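Q: requesting a structural model of the entry that follows:
(4 chains)
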There are 4 protein chains.
Amino acid sequence: MTAISADILTKVIKKRRSDTHKGDYGRVLLIGGCENYGGAIIMSAEGALNSGAGLVAVATHSLNLSALHARDPEVMYIDWRDHDLPALIKKIDVIVCGPGLGFSNFAQELMQVLCANLTEKQTLVLDASSLDLIAKQHSLIPQHIGKIILTPHQMEWQRLSQLKIAFQTDSANLTALNELFPQQNAILVLKSNHTHVYCADGAVYVNPLGNPGMATGGMGDTLAGIIGGFCAQFGNGLEPILAAVYLHSLAGDRIAQTDYVVRPTKVSALLPQIMKKYAG
Amino acid sequence: MTAISADILTKVIKKRRSDTHKGDYGRVLLIGGCENYGGAIIMSAEGALNSGAGLVAVATHSLNLSALHARDPEVMYIDWRDHDLPALIKKIDVIVCGPGLGFSNFAQELMQVLCANLTEKQTLVLDASSLDLIAKQHSLIPQHIGKIILTPHQMEWQRLSQLKIAFQTDSANLTALNELFPQQNAILVLKSNHTHVYCADGAVYVNPLGNPGMATGGMGDTLAGIIGGFCAQFGNGLEPILAAVYLHSLAGDRIAQTDYVVRPTKVSALLPQIMKKYAG
Amino acid sequence: MTAISADILTKVIKKRRSDTHKGDYGRVLLIGGCENYGGAIIMSAEGALNSGAGLVAVATHSLNLSALHARDPEVMYIDWRDHDLPALIKKIDVIVCGPGLGFSNFAQELMQVLCANLTEKQTLVLDASSLDLIAKQHSLIPQHIGKIILTPHQMEWQRLSQLKIAFQTDSANLTALNELFPQQNAILVLKSNHTHVYCADGAVYVNPLGNPGMATGGMGDTLAGIIGGFCAQFGNGLEPILAAVYLHSLAGDRIAQTDYVVRPTKVSALLPQIMKKYAG
Amino acid sequence: MTAISADILTKVIKKRRSDTHKGDYGRVLLIGGCENYGGAIIMSAEGALNSGAGLVAVATHSLNLSALHARDPEVMYIDWRDHDLPALIKKIDVIVCGPGLGFSNFAQELMQVLCANLTEKQTLVLDASSLDLIAKQHSLIPQHIGKIILTPHQMEWQRLSQLKIAFQTDSANLTALNELFPQQNAILVLKSNHTHVYCADGAVYVNPLGNPGMATGGMGDTLAGIIGGFCAQFGNGLEPILAAVYLHSLAGDRIAQTDYVVRPTKVSALLPQIMKKYAG
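A: You can find the predicted model right below:
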């Protein structure tokens, strides 16, 4: 097991070349936000936007449009019932599915649509409800996809892997990961007070940062968005994922120096400044 | 009568343990916000959120969804007409009922639904309209509940207790409290320019802080939310309530050093920083 | 003609007494904001709220609710088509009518409702569209009202008084004021690059402050709200009006030290700090 | 080819004369923002508003109203399906058409309405979708208009001019510009990492500023709005356009000193302060 260190930020966050445009920094689509959990997909989108994705779009319940644009006019929107969604999915580089998605039949159908339209060039971040939907119905596991990243917290991983939290050892987690996703070369970001990252090849990384002020609703949604933003800009290898995990906690630790509870929206707002300091 | 002091903050606001998650900091549901007073429930939710509750949900009129998430995507939402509300109530640790609730027949029905679904493990903060509804119809007083906290201002207490403001002496208030809530071990937070806290056992506490710049609409809604946030994190004993009352005024006094009128939304925004200074 | 000076702020803005509550600082109702000009009534409400009114309510088109509460949850709302509006009008201390009201038949009917429900204890600030509606139909001039304050800019005053701008001399303005409002003891706040205030008794005051960075949409709506807030707190005599005019420009001048164009929303946000400095 | 320098700001941004009002700083109407791209027209409006236009109005899909006013109550609104839109167009000084407009049949009809109602006193900024609509249907090129400014990025210009990016030399761009707009004395602002400005008479200017942190969605919409704001205040000659291009990048460069990615909404927010420093 290797501890992630600040070096990963210096290594991953590249100084941008002058002759580039927004298309060079990737298209991220976030899918989620039912009537009850609209804020989750907004927070996730803020993670992707503030971490520097070139273009960010959100597919969500139409009820969430006004709040999304009141906060983030930079983000594009599509009603998640829109018939153009499959076509949009095909044009996207990185998809983050799950924040606030919920467990309705419609959510399940949406994941089927997603699976049917993914390509092998794409990266998929599966978070929150999407993992629970997969836990119930393994046929929702995407088969043809460039890269899958899972971002459960321990209870979500328990439901997906059938491993109770006390039994979530590194070796058990790796075994479960490879059984569930035998062909996908998946990466598991298992969120806890010290988040672990598991690779299909057996490598395990631990995040030394983070603080209990971050134990508040929306913190995980934000991390999923940052991972999406990093994959969009820096590729879907292991290192951008490790960097995103580290950055998220580093921002949370900075805020915790002054704040008892760390609001996820403050974490996202701080990303551009922290990234600047580490940009090569 | 005992004056609350800053010691209560140091005593109540615990340094969080590292191996904790959002579930450890409690689930708060706030019920209120009719068409006319939607801002009240938003301000109350901001009090709960910024004081550190692990999860905050709001049951309100559907008209209030966009503004709620535009300000606070961290907060979950449920349409207060949703059939799933009773099931949600059962999963909650602390319920704050009343800010902007209004006096409609529907509001009354909602309180009946609430009373029918409470359990003895839960804490209930009754504020604003909910107290007036009880004043009109005593059958709305919850019978099976772990803890009841009332947060009326003096006029609301007059309507509920039948004590005119001039006659709201400590002994009269205690008598009325025990007559109205004989079995609930209720706590009365009687808001005024020097808020008093009354316990069923006869103890009385006075808040030495606060300033008249805080005499503006929404300040009480915010306090109710902070009390909810503190009970969710620090338990429903007396001390978290005293600490919440003190903190609310301390934040207001800080803002009043620079602002003639103290906006309640600024009070909530300042909570994380003040709490950090007092965290053990 | 007398120049208003900073002394007026010290004189009017009173240190609040400790034993007061929000009811002591007045209820302000702002009426306006049609589909096209919803922002105007929001800006006006922000003027009233930030200048310290105890309670602020807005009667507006239902389309404006989400934006109002996203910015200002402290403000109460009523659909301007609500049958309860006449009852609400009767409970209010100060009414600001006109920002973004528009010129529809409905707007005209709304002013008739207003006129029919005013009382002699109330103060009425007439701004923007309401003045143009009166210009077209003098029967919309309220007859039974404690105090009327008019806040036209020069073109609105031309349409109301029939005085072309070049002929808007002090004496002509006073004559027109007394002819239009013979019994109302009205005050005319004639907005220009150096706003003049005219009293029915012939007194004229000039505002020495203000700057051309304030020449942007919404600045007048904001002033109307501040006047409303001051009358609610400090009474409807001449001095609170002069103080509101001066404060509005003082805030604008502060912002203009750093900003080329002065956004009205920034003026409102700065009011609490400036008022603090002048509070007796 | 001439490099634009900071001198252009000092030359163009005039100290405002005291005896002026909002009408002296121009009326800007921005048309755009379909269901999917509502944020684009909001960001463009923020560019116009913060750069100092006297009055800013937005014609957009009704879904975008709440977010627009939650962010910018200073901006007026009209439903882009409103029958009064043609009448409003006629009263406007500068029109910015295109941000988030989309490619629907309705968008095309809207451009026909626009073309039919323009006058020779007006300035028209064509951005984003509007250029693609023209590329498909040249009859949408306005014939009777005071000034046309085009603000495509390189791909949009490719579709409009039929020049592939590699062939977009200065001389080819000038030739295409004059062929497409033979009678309009058009100005082409070709956005890239070093934006070029082309005049019908053959003059070419290059913007030395800008940084790749600005390569993010919405940056171009913001520039179109700033150009609109500058034409409204400082006239539709070449220099205000050069100044707007330079200012947009200067603000982006300031933000990039601290932020890895430059959010367009931060660019707009910074404009008043930068303009103040260069105001004559």
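
Q: where do the strands sit along chain A?
A: For chain A, the strands defined by DSSP state E cover A:2-3, A:27-31, A:55-60, A:76-79, A:94-97, A:123-127, A:147-151, A:187-190, A:196-199, A:204-206.

Q: so can I have JSON lines of those showing mean pLDDT and mean neighbour count?
A: Where you see a C-beta, it was placed from the backbone N, CA and C, and this is true even at glycine. Below are those laid out as JSON lines (pLDDT from 0 to 100; neighbours: other Cβ atoms under 10 Å in any protein chain shown):
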{"stretch": "strand A:2-3", "mean pLDDT": "97", "mean neighbour count": "10"}
{"stretch": "strand A:27-31", "mean pLDDT": "98", "mean neighbour count": "29"}
{"stretch": "strand A:55-60", "mean pLDDT": "98", "mean neighbour count": "27"}
{"stretch": "strand A:76-79", "mean pLDDT": "98", "mean neighbour count": "22"}
{"stretch": "strand A:94-97", "mean pLDDT": "98", "mean neighbour count": "30"}
{"stretch": "strand A:123-127", "mean pLDDT": "98", "mean neighbour count": "28"}
{"stretch": "strand A:147-151", "mean pLDDT": "97", "mean neighbour count": "26"}
{"stretch": "strand A:187-190", "mean pLDDT": "98", "mean neighbour count": "24"}
{"stretch": "strand A:196-199", "mean pLDDT": "98", "mean neighbour count": "20"}
{"stretch": "strand A:204-206", "mean pLDDT": "98", "mean neighbour count": "17"}
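
Q: using a markdown table, please lay out those strands together with distance to chain C.
A: A markdown table is the format used below for the strands of chain A (distance: least, Cβ to the nearest Cβ, whole Å):
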| stretch | distance to chain C |
| --- | --- |
| strand A:2-3 | 42 |
| strand A:27-31 | 21 |
| strand A:55-60 | 16 |
| strand A:76-79 | 16 |
| strand A:94-97 | 25 |
| strand A:123-127 | 27 |
| strand A:147-151 | 30 |
| strand A:187-190 | 33 |
| strand A:196-199 | 37 |
| strand A:204-206 | 40 |
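
Q: nearest residue to the residue positioned nearest the centre of chain A other than its sequence neighbours?
A: Centroid check for chain A by Cα atoms, centre = their mean gives residue A:224 as the closest residue, at 2.0 Å. Closest residue to residue A:224 apart from its sequence neighbours, by Cβ to Cβ, 6 or more residues apart in numbering or on different chains: residue A:127 at 3.9 Å.

Q: ok now do that neighbour, which residues does it touch?
A: Contacts for residue A:127 (Cβ atoms under 8 Å, 6 or more residues apart in numbering or on different chains) come out as A:32, A:44, A:96, A:97, A:98, A:99, A:150, A:151, A:152, A:220, A:221, A:224.

Q: go with 10 Å
A: A:30-32, A:40, A:44, A:96-101, A:149-153, A:156, A:189, A:191, A:220-221, A:223-225, A:227-228 (Cβ atoms under 10 Å, 6 or more residues apart in numbering or on different chains).

Q: the helices in the stretch 51-200 of chain A, which residues?
A: A:65-71, A:85-90, A:105-117, A:129-136, A:154-161, A:170-180 (DSSP state H, counting those that start in this stretch).

Q: packing partners of the fourth one?
A: For helix A:129-136, the packing partners by 3 or more Cβ pairs under 10 Å, 6 or more residues apart in numbering or on different chains; DSSP states H and E come out as strand A:94-97, helix A:105-117, strand A:123-127, strand A:147-151, helix A:154-161.

Q: try 7 Å
A: When contacts are defined as 3 or more Cβ pairs under 7 Å, 6 or more residues apart in numbering or on different chains; DSSP states H and E, helix A:129-136 sits against helix A:105-117, helix A:154-161.

Q: and the ones you listed, which is most packed in?
A: Of all the helices and strands packed on helix A:129-136, helix A:154-161 has the most neighbours on average by mean count of other Cβ atoms under 10 Å in any protein chain shown, namely a mean of 19.

Q: quick check: angle from it to helix A:170-180?
A: Helix A:154-161 and helix A:170-180 are oriented at 50 degrees to each other (axes from the mean of the first three to the mean of the last three Cα atoms, to 10 degrees).

Q: just want the angle from helix A:154-161 to strand A:123-127.
A: 110 degrees.

Q: hang on, the earlier thing: out of the helices and strands packed on helix A:129-136, nearest to chain D?
A: Minimum separation from chain D across these (Cβ to the nearest Cβ) falls at helix A:105-117, 17.4 Å.

Q: rebuild the helices of the stretch 51-200 of chain A as JSON lines, extending it with mean pLDDT.
A: Formatted as JSON lines, those follow (pLDDT from 0 to 100):
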{"stretch": "helix A:65-71", "mean pLDDT": "98"}
{"stretch": "helix A:85-90", "mean pLDDT": "97"}
{"stretch": "helix A:105-117", "mean pLDDT": "97"}
{"stretch": "helix A:129-136", "mean pLDDT": "97"}
{"stretch": "helix A:154-161", "mean pLDDT": "97"}
{"stretch": "helix A:170-180", "mean pLDDT": "97"}
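
Q: if the closest residue to residue A:78 other than its chain neighbours is in a bridge, with which residues?
A: Closest residue to residue A:78 apart from its sequence neighbours, by Cβ to Cβ, 6+ apart: residue A:59 at 4.9 Å. Applying DSSP bridges to residue A:59 yields these beta-bridge partners: residue A:31, residue A:78.

Q: residue A:59 contacts residue A:86, correct?
A: No. Counting by Cβ atoms under 7 Å, residue A:59 stays clear of residue A:86, with 10.6 Å between them.

Q: what's around the nearest residue to residue A:33 once chain neighbours are set aside, how many residues?
A: In space, residue A:33 comes closest to residue A:41 once its chain neighbours are excluded; the distance is 3.1 Å by Cβ to Cβ, 6+ apart. Neighbour count of residue A:41, defined by other Cβ atoms under 10 Å in any protein chain shown: 33.

Q: and residue A:244, by the same measure?
A: If we define neighbours as other Cβ under 10 Å, then residue A:244 has 31 of them.

Q: now do the one 3 residues further on
A: Close neighbours of residue A:247, defined as other Cβ under 10 Å, add up to 29.
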